[in-house]
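Asker: Quick one, fold the following:
(chains A and B)
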Amino acid sequence: MRALWCALLALFIGPAFAAAGGPQQDDAFVWLQKIAAAAHQLNYSGSFVYQHDNHVETFRITHLVDEGGEHEKLAVLDGSPRDVYRNNEQVLCFLPDNKTVIVEKRRTRKSFPAILPAAISELSEYYQVRMGGQDRIAGHECQLVILDPKDAFRYGHKLWADSKTGLLLRASTFNENNETVDQFAFTQLDIGGAINKAEVKPQLAGKKLIEQTDRTGNTAAIDAGWQIGSPPPGFKKTMEVKRMLPGSKSPVNHIMFSDGLAAVSIFIEPLDGDNVRPAQELSNTGALHVYTIPVGDSRVRVLGEVPGATVMQFGNSVSYTRK
Amino acid sequence: MSEQISGLMDGELDENEVTRLVACLKQDEESQHTWLAYHVVGDTLRQLPALSPEFGVRLVQRLKDEPVILAPRKTAPRNKTMVALSAAASVAAVSLVALVALQVNKQSHSSDNGVEKIALAQNANPVTSAKLAATPSSPRSFSAKDNPYLIAHQEYSPSTVVEGMPSYVRTVAEVRQDASR
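Answerer: Sure thing, here's the model as predicted:
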């Protein structure tokens, strides 16, 4: 009889705890905020490896915060040199020919880390966020936080954060079968040391700069008549802009969807008259998938850190309604 | 023509186009020069060491001198690729061509798979299509033309907020595959 009562009690109380998320989930959310803040507010430099699709590559990262804001450099140490620099909202990407630099400049200033807490209630709708164990990476004690996806439209994430500062030391993305899709992990890391500003300053002399930027400051106001009929569950439109991209003759529509963590970009541009109609095509690097499909007289390119099926569902539900 | 040759090198052509172009390359001397020139340009950009003069001629001669082995060999598919790859690695000049061909084959196969599955997904109910449209096991990797789009995407992605700069590795890693082709 007593066992029965216990069972009944568990039946009622169990779901109540699950719905409220419980203290474990609250802790995990606090850690997520800590991770997001640390990545942008700390000085650090170190080396990490990135593993994807049977490749391993080594990177060096340097991050400096001063009165001028955030400055950082990400450099690939294997193969041809390819560097990415950030100076607040400006990103410079050196192409492997080492002559061309793509410059991406945001008009709207992103506020770190305020963007995350707003998304947290949304996050728990499509991910189960929980605490994992303690570990040690690159000589730093760390705490594991796990985001388990509740369906197959998004990847799961394991995040190992430095116990003291919250800086992300290792992150892996996994699919519905619990297989790792890609991951990065620091092998050496100095947190909080002095950093020479020259290290994060790009050398632009003699380089060809290609600037790309959104043409409209207001990110929500555009409605060019493109409809996404059935976005996968949980993905909401976060912005729509027109932007110029290198190599495109006319402005490209850039629509973005997000579930609070994973983001999907949809780029729509007219097919040039002399161009061959593109075939449907799916490609990937680690967790990042790109799906290209012609819709009417336009080329639709969908990309995001989501499973192939997700970018395909977006791409296949794009249609145009004339205003 | 030169655009197609560039496409072949980047693995952007489908199987039919490849067959046609390779047939054309065999006959047309000018195209062969373009093919060679593009590889020289690529090698220079990637700062690969130059081969000694007459390397090709000497390689062909040494291959001719190589005894032919007639013993039967195990034909497990996995072994075959291993043999093909290691053989290619040992002969630099041939390896370039072999690797390009290998990549092209691999890619056209996987994109075929992709198209089949996409067709499936379109017919299916969008809610259940996630299972049906399971990602092809090895879709082709990105090409450099995807780059500006990736950078534009990264700037606005929430994962950039959480992970910071390391989330750019996917953008940069892509270029590496492209360059190593």
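
Asker: any residue of the one helix or strand B:Asn147 maps to up close to chain A?
Answerer: Here B:Asn147 sits within helix B:147-156, counting by DSSP states H and E. Yes: Helix B:147-156 lies within reach of chain A by CB under 8 Å from any CB of the partner chain, at B:Asn147, B:Pro148, B:Tyr149, B:Leu150, B:Ile151, B:Ala152, B:His153, B:Gln154, B:Glu155, B:Tyr156. Placement of C-beta: from N, CA and C, glycine included.

Asker: Can you add distance to A:Arg301 and pLDDT and give those residues back as JSON lines?
Answerer: As requested, the residues of helix B:147-156 next to chain A are arranged in JSON lines below (distance: CB to CB, whole Å; pLDDT from 0 to 100):
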{"residue": "B:Asn147", "distance to A:Arg301": "12", "pLDDT": "75"}
{"residue": "B:Pro148", "distance to A:Arg301": "11", "pLDDT": "80"}
{"residue": "B:Tyr149", "distance to A:Arg301": "6", "pLDDT": "86"}
{"residue": "B:Leu150", "distance to A:Arg301": "10", "pLDDT": "84"}
{"residue": "B:Ile151", "distance to A:Arg301": "13", "pLDDT": "81"}
{"residue": "B:Ala152", "distance to A:Arg301": "11", "pLDDT": "82"}
{"residue": "B:His153", "distance to A:Arg301": "10", "pLDDT": "85"}
{"residue": "B:Gln154", "distance to A:Arg301": "15", "pLDDT": "80"}
{"residue": "B:Glu155", "distance to A:Arg301": "16", "pLDDT": "74"}
{"residue": "B:Tyr156", "distance to A:Arg301": "15", "pLDDT": "73"}
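
Asker: Report the buried residues of the helix holding B:Asn147.
Answerer: B:Asn147, B:Pro148, B:Tyr149, B:Leu150, B:Ile151, B:Ala152, B:His153, B:Gln154, B:Glu155, B:Tyr156 (16 or more other CB atoms under 10 Å in any protein chain shown).

Asker: The fifth one touches A:Val103, doesn't it?
Answerer: It stands for B:Ile151. No: with contact defined as CB atoms under 8 Å, B:Ile151 does not reach A:Val103; the gap is 9.3 Å.

Asker: what sits in contact with each of those two?
Answerer: When CB atoms under 8 Å, 6 or more residues apart in numbering or on different chains defines a contact, the residues bordering B:Ile151 and A:Val103 alike are A:Val91, A:Cys93, A:Gln212.

Asker: Could you name the helices and strands sitting against the one helix or strand the last one maps to?
Answerer: It refers to A:Gln212. When elements are defined using DSSP H and E, A:Gln212 is found to belong to strand A:208-214. Using 3 or more CB pairs under 8 Å, 6 or more residues apart in numbering or on different chains; DSSP states H and E as the contact definition, the elements that strand A:208-214 packs against are strand A:100-105, strand A:236-244, helix B:147-156.

Asker: can you count the residues close to A:His40?
Answerer: For A:His40, the count of nearby residues is 18 (other CB atoms under 10 Å in any protein chain shown).

Asker: Could you do B:Val60 as well?
Answerer: Taking other CB under 10 Å as the neighbour definition, B:Val60 ends up with a count of 12.

Asker: SS state for it?
Answerer: helix (DSSP: H, G, I helix; E, B strand; the rest coil).

Asker: Assumed A:Thr173 was part of a strand.
Answerer: Yes: with the criterion set as three-state DSSP, the secondary structure at A:Thr173 is a strand.

Asker: Report the contact partners of it.
Answerer: A:Thr173 sits next to A:Tyr155, A:Gly156, A:His157, A:Thr180, A:Val181, A:Asp182, A:Gln183, A:Gly286, A:Ala287, A:Glu305 when contact means CB under 8 Å, 6+ apart.

Asker: From the residues you listed, which land in strands?
Answerer: Taking DSSP state E, the ones among the contacts of A:Thr173 that sit in strands are A:Gly156, A:His157, A:Thr180, A:Val181, A:Asp182, A:Gln183.

Asker: ok, and which of these reach chain B?
Answerer: Among the ones in strands among the contacts of A:Thr173, the ones lying near chain B by CB under 8 Å from any CB are A:Asp182.

Asker: From the ones in strands among the contacts of A:Thr173, list the buried ones, please.
Answerer: A:Gly156, A:His157, A:Val181, A:Asp182, A:Gln183.

Asker: pLDDT wise, what is the first one at?
Answerer: It stands for A:Gly156. The model reports A:Gly156 with a pLDDT of 94.

Asker: That one pairs with what?
Answerer: Using DSSP bridges, the bridge partners assigned to A:Gly156 are A:Phe174.

Asker: Contacts only, for it.
Answerer: A:Tyr127, A:Ile146, A:Leu147, A:Asp148, A:Pro149, A:Thr173, A:Phe174, A:Asn175, A:Asn178.

Asker: I'd like to know which of those residues are buried.
Answerer: A:Tyr127, A:Ile146, A:Leu147, A:Pro149, A:Thr173, A:Phe174, A:Asn175.

Asker: so who does the first one touch?
Answerer: Residues counted as contacts of A:Tyr127 (CB under 8 Å, 6+ apart) are A:Leu147, A:Asp148, A:Pro149, A:Lys150, A:Arg154, A:Gly156, A:Leu261.

Asker: go on, the last one?
Answerer: With contact taken as CB under 8 Å, 6+ apart, A:Asn175 is in contact with A:Tyr155, A:Gly156, A:Val181, A:Pro307.

Asker: Just read off the phi/psi values of it.
Answerer: phi -100, psi -170 (degrees, to the nearest 10).

Asker: still on that earlier bit, what packs against the next helix or strand after the strand holding A:Gln212?
Answerer: Later in the chain than strand A:208-214, the nearest helix or strand by DSSP H and E is strand A:226-228. For strand A:226-228, the helices and strands in contact under the criterion 3+ CB pairs under 8 Å, 6+ apart are strand A:252-258, strand A:263-270, strand A:318-320.
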